[in-house]
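Q: Whatever this is, show me its structure:
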Amino acid sequence: MASIESVVLEVSDPSAAEAFYTGVFGLGDRVRVRESQAPTSGFRGFTLSLVVAQPSAVDHLVAGALDAGATEVKPVKKSLWGYGGVVRAPDGTICTLAASSKKDTGSAERKVEDVVLQLGVEDVKASKQFYVDRGLTVAKSFGGKYVEFDMPGAPATLTLLGRTALAKNAGVAPEGTGSHRVAIRSTAAPFTDPDGFSWESP
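A: Below you'll find the predicted structure:
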């Protein structure tokens with residue numbers, strides 16, 4: 001079964017980006033960085049969702065991110081599904097920080113439990129089939145709106161949403177041009193999906 005080994009962010013300043021993702025979020029090898037000067041503007045078509053155990057962890061991580069140069073996109077608040085907010089990292093990556101719980105149940109721990117790479121695609125059903133044909137197994141699927149793939153033990157999970165819907169969830173305009181500035185290293189043979197997201201060998 002194909003699975004993600006790491007998410008690779010392409011950035012202008014790898015040293016600064018590595019310090020941000022490791023020092024602020026503690027992501028280690030789950031998210032890697034490499035230099036790229038590829039032109040990009042607007043929404044890059046993906047978000048990095050960082051899931052934590054409770055609201056206080058969201059608050060700590062968002063505060064740390066802002067102190068380290070990130071900008072606020074959506075303020076932290078409670079919602080129907082939990083508690084969270086959105087920041088734009090210094091390299092431009094949109095990061096969602098969320099806890100499914102609305103109340104703290106213990107001491108705050110600045111630990112990211114799960115990393116979810118959310119891809120915004122033009123046709124969710126077509127992209128779902130594309131990935132199934134390449135060995136991915138669907139864990140959850142809601143019509144043509146949302147797909148989550150089963151990746152037990154992987155350092156990151158993959159989901160698909162419509163590009164416009166993902167941008168709306170993140171609080172940004174859906175328009176964007178140029179490079180996605182992201183690549184996925186996996187156990188699968190290299191390929192590029194219908195929306196231009198590249199998968200690479202480890």
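Q: show me where this structure has helices.
A: 14-23, 55-67, 124-133, 163-170 (DSSP state H).
Q: Pull the contacting residues for residue 192.
A: By Cβ atoms under 8 Å, 6 or more residues apart in numbering, residue 192 lies in contact with 198-199. Every C-beta, even on glycine, is put in place using the N, C-alpha and C of the backbone.
Q: per-residue confidence at it?
A: Residue 192 is assigned a predicted lDDT (pLDDT) of 97.
Q: who does it bridge with?
A: When bridges are called by DSSP bridges, residue 192 pairs up with residue 198.
Q: Who are the contact partners of the closest residue to residue 121 other than its chain neighbours?
A: Among residues not flanking residue 121 along the chain, residue 127 sits closest, at 4.3 Å (Cβ to Cβ, 6 or more residues apart in numbering). Residues in contact with residue 127 (Cβ under 8 Å, 6+ apart) are 119, 121, 147, 160, 193-195.
Q: which ones are touching the residue most central in space within the chain?
A: When the chain is reduced to its mean C-alpha position, the nearest residue by Cα atoms, centre = their mean turns out to be residue 48, at 1.6 Å. Applying Cβ under 8 Å, 6+ apart to residue 48 gives the contacts 7, 9, 31, 93-96, 115-118.
Q: Kindly recompute the last result at 6 Å.
A: Neighbouring residues of residue 48 by Cβ atoms under 6 Å, 6 or more residues apart in numbering: 93, 95.
Q: where are the low-confidence patches of the protein?
A: For the chain, the stretches flagged by pLDDT under 70 are 1, 108.
Q: Kindly recompute the last result at 90.
A: For the chain, applying pLDDT under 90 flags the ranges 1-3, 79-82, 100-111, 143, 152-153, 187-189, 201-202.
Q: Next, count neighbours for residue 180.
A: 20 (other Cβ atoms under 10 Å).
Q: thought it was touching residue 42?
A: No - at 11.4 Å, residue 180 does not count as touching residue 42 under the criterion of Cβ atoms under 6 Å.
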